[in-house]
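>>> Predicted model and sequence follow; I will ask about them next.
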Amino acid sequence: MSALSLLAMAAYVICSILVCRHRRRTGGARCGWGKSALMPLLALFVWASLYSPLRFVLTGRKIPANPLPEDAAYLFVIAGLLFGCLGDSLLEIGGKWYGPGAGAFLVGHLCYLHAAGIQIRAGGGVKAPMFLLALFYLIPVVTAGRALLASVRGLIRIGMAAYMAAILAMSFSMLLRFGLVPLPAFVCCFAGSIFFLVSDGWIGYHAFLGRDGNGIMETYTIAQALLALGFVLAM
């Protein structure tokens, strides 16, 4: 990648470590405002990476005359990251802002979903056998989510169901990119979506079932980094 993109990713890694350490020191109560800097750093990484032909080298593709992507998938990836920044900030405030923070993340997942859709269409569309295979992937994920939905009632349950549907659709779309984007791009995005599911699942179990919340930020920061990298490698 370009020097600026490498610098942005290095800053993201350092900031992630500091935020995770701060959260552990406070017993999981707060992450610190360094959390709000994480997603802008990844957005800078994505933007700067578009100007470097090295992303083609990493996937074994021929470097075109113009290395900039022809589609607008990167705009939705950056939008998804910025909505993640908004969600991070609102969740850090807490209280009445928890709902809007979750809503910001929901919109971010929809942005990732649309970006994946753009890349899927550019790759020729989903093949029917792959779609049927991907359905089996949803079974264990949906089963695990039922325990969370059973623990809440009313509007919270409706909001949680909507959020779960959004993140499942996002992860599902990453799986459907198989064979349509370079393998490193597929692996990074799909792994990132799984880390996101684990992180959000931990949040739900911690908030509503009283489980240990250790690992939430670690899996979250890994998830966002893998998604950003996977999208860049597919552009």
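Now that the structure is in, tell me what you want to look at. Here the structure is a predicted model, which is why all the values come from computation and not from measurement.
>>> give me phi/psi at Ala65?
phi -60, psi -40 (degrees, to the nearest 10).
>>> Repeat that for Ile63.
phi -80, psi 120.
>>> That one reaches Pro53, doesn't it?
Yes. Taking contacts as CB atoms under 8 Å, Ile63 lies within contact range of Pro53: 4.4 Å. The C-beta positions use only the backbone N, C-alpha and C, and glycine is treated the same way.
>>> between these two, who's got more neighbours?
Pro53 (16 against 11; other CB atoms under 10 Å).
>>> Verify the contact between the more buried one and Lys62 for me.
No. Between Pro53 and Lys62 there is no contact, the gap being 9.9 Å when judged by CB under 8 Å.
>>> Would you mind finding the longest helix in this structure?
helix 183-209 (DSSP state H).
>>> Show me what counts as buried in that one.
184-206, 208 (16 or more other CB atoms under 10 Å).
>>> what's that helix packed up against?
helix 128-150, helix 154-176, helix 216-234 (3 or more CB pairs under 8 Å, 6 or more residues apart in numbering; DSSP states H and E).
>>> With respect to Ser36, which of the ones you listed lies nearest?
Among these, the nearest to Ser36 by CB to CB is helix 216-234 (13.0 Å).
>>> Please find the angle between the direction vectors of the closest one and helix 154-176.
Angle, helix 216-234 to helix 154-176, by axes from the mean of the first three to the mean of the last three CA atoms, to 10 degrees: 40 degrees.
>>> on that earlier part again, most tightly surrounded among the helices and strands packed on helix 183-209?
For the helices and strands packed on helix 183-209, the largest average neighbour count (mean count of other CB atoms under 10 Å) is found in helix 216-234, namely a mean of 24.
>>> what angle do it and helix 183-209 make?
Using the same axes, to 10 degrees, helix 216-234 lies at 160 degrees relative to helix 183-209.
>>> helices and strands around helix 216-234, which ones?
Short answer (3+ CB pairs under 8 Å, 6+ apart): helix 216-234 packs on helix 3-25, helix 38-49, helix 54-58, helix 73-93, helix 98-122, helix 183-209.
>>> Now do the same for it: mean pLDDT, whole number.
Averaged over helix 216-234, pLDDT sits at 93.
>>> Likewise for stretch 50-57?
Mean predicted lDDT for stretch 50-57 stands at 78.
>>> Go ahead and name everything in contact with stretch 221-231.
9, 12-13, 16, 19-20, 38-39, 42, 45-46, 73-74, 77, 80-81, 84, 112, 115, 119, 174, 184-196, 198-199 (CB atoms under 8 Å, 6 or more residues apart in numbering).
>>> where does this protein have its least confident helix or strand?
helix 128-150 (a mean of 68; mean pLDDT, DSSP states H and E).
>>> how close does Leu6 get to Gly60?
20 Å (CB to CB, to the nearest Å).
>>> ignore the last one, Arg24
40 Å.
>>> In terms of neighbours, single out the busier of these two.
Shown here are Arg24 and Gly60; by other CB under 10 Å, Arg24 has more neighbours (13 against 9).
>>> where in the protein is pLDDT low?
1, 28-29, 128, 131, 134, 140-141, 143-154, 157, 204-213 (pLDDT under 70).
>>> quick one: the spatially most central residue of the chain from Leu135, how far?
The chain has Gln224 as the residue nearest its centroid, 4.2 Å off, counting by CA atoms, centre = their mean. Gln224 is 26 Å from Leu135, where distance means CB to CB.
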